[in-house]
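# Need coordinates for the below:
(one chain, ligands or ions: 1)
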Amino acid sequence: MTATMTEQELEQLKYPTGRRDPKLRAGTPQRLAECTAVIEAFPRKLRAAVGTMNDAQLDMPYRPGGWTVRQLVHHIADSHMNALIRFKWALSEDEPTIKAYKQDLWAEQADARTMPICASLDIVSGVHARWVVILNALSAKDLERGFVHPETHRRQDLAETLEIYTWHSGHHLAHITRLKEREGW
Ligand code: NI
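Below you'll find the model as predicted:
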């Protein structure tokens, strides 16, 4: 697969659910409910996807040159912890400037490369449980609250942010489930 991989095959491995549509905003009550359902179901789906994998399988890159499944699971915890904090900042302060983090360097640190995934599965479960309670309490006005990115200086509201993490959940879950399909695990 590696030697003859086309651009299109690599794109498919990198973006198994497609690239994120940057125009999407969870701005209607129906879409908010759909995204909340994805956020709520995700920890269970992630556990189901990785629950059958042994250590050798967890240390396999999900694509050539990509993170291992272990790094992916720890990355999801890193990313969604930051996401919950961004929601809480935006809901408690006026247009706060958030703290960016270097996700590639976080994924290279010892915890992400070597630790059993159970700690991060528990983080994801806890973070998503709290996130869902917040999402269920959001008003239309709350969804328009936002934060500012320190590097791009771009303002991002919570309706857009929720779409990003709805996509992000399915994106990484598909990395794992597609790898298992390809490997026949
Ligand atoms: Ni990611």
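# sec struct for Leu138, please.
coil (DSSP: H, G, I helix; E, B strand; the rest coil).
# wait, what's in contact with it?
Leu32, Leu158 (CB atoms under 8 Å, 6 or more residues apart in numbering). Quick note: C-beta positions are derived from backbone N, CA and C, even for glycine.
# Keeping just the C-alphas, turn stretch 39-49 into PDB.
Only the C-alpha atoms of stretch 39-49 are listed here, as PDB (Å, rounded to 0.1, in the frame of the first residue of the first chain):
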ATOM      1  CA  ILE A  39     -20.600  14.400  21.700                       C
ATOM      2  CA  GLU A  40     -22.600  12.200  24.100                       C
ATOM      3  CA  ALA A  41     -22.200   9.000  22.200                       C
ATOM      4  CA  PHE A  42     -18.500   9.400  21.400                       C
ATOM      5  CA  PRO A  43     -16.800   8.100  24.600                       C
ATOM      6  CA  ARG A  44     -18.800   4.800  24.300                       C
ATOM      7  CA  LYS A  45     -17.900   4.500  20.600                       C
ATOM      8  CA  LEU A  46     -14.300   5.200  21.200                       C
ATOM      9  CA  ARG A  47     -14.100   2.600  24.000                       C
ATOM     10  CA  ALA A  48     -15.800   0.100  21.700                       C
ATOM     11  CA  ALA A  49     -13.400   0.700  18.900                       C
END
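# I would like the residues contacting stretch 65-85, please.
With contact meaning CB under 8 Å, 6+ apart, stretch 65-85 is reached by 13-14, 46, 50, 53, 57-62, 101, 103, 106-107, 111-115, 117, 119-121, 123-124, 127-128, 130-131, 134, 161, 164-165, 168-169, 172, 175-176, 179.
# Sorry, slip of the keys, the one I care about is stretch 113-128.
Residues from elsewhere that reach stretch 113-128 (CB under 8 Å, 6+ apart): 39-40, 42-43, 46-47, 50, 58, 68, 70-71, 73-74, 76-77, 80-81, 83-84, 107.
# Filter those down to the ones in helices?
Within those, residues falling in helices by DSSP state H are 39-40, 42-43, 46-47, 50, 58, 70-71, 73-74, 76-77, 80-81, 83-84, 107.
# Can you give me the separation between Glu11 and Ala119?
Counting by CB to CB, to the nearest Å, the gap from Glu11 to Ala119 is 32 Å.
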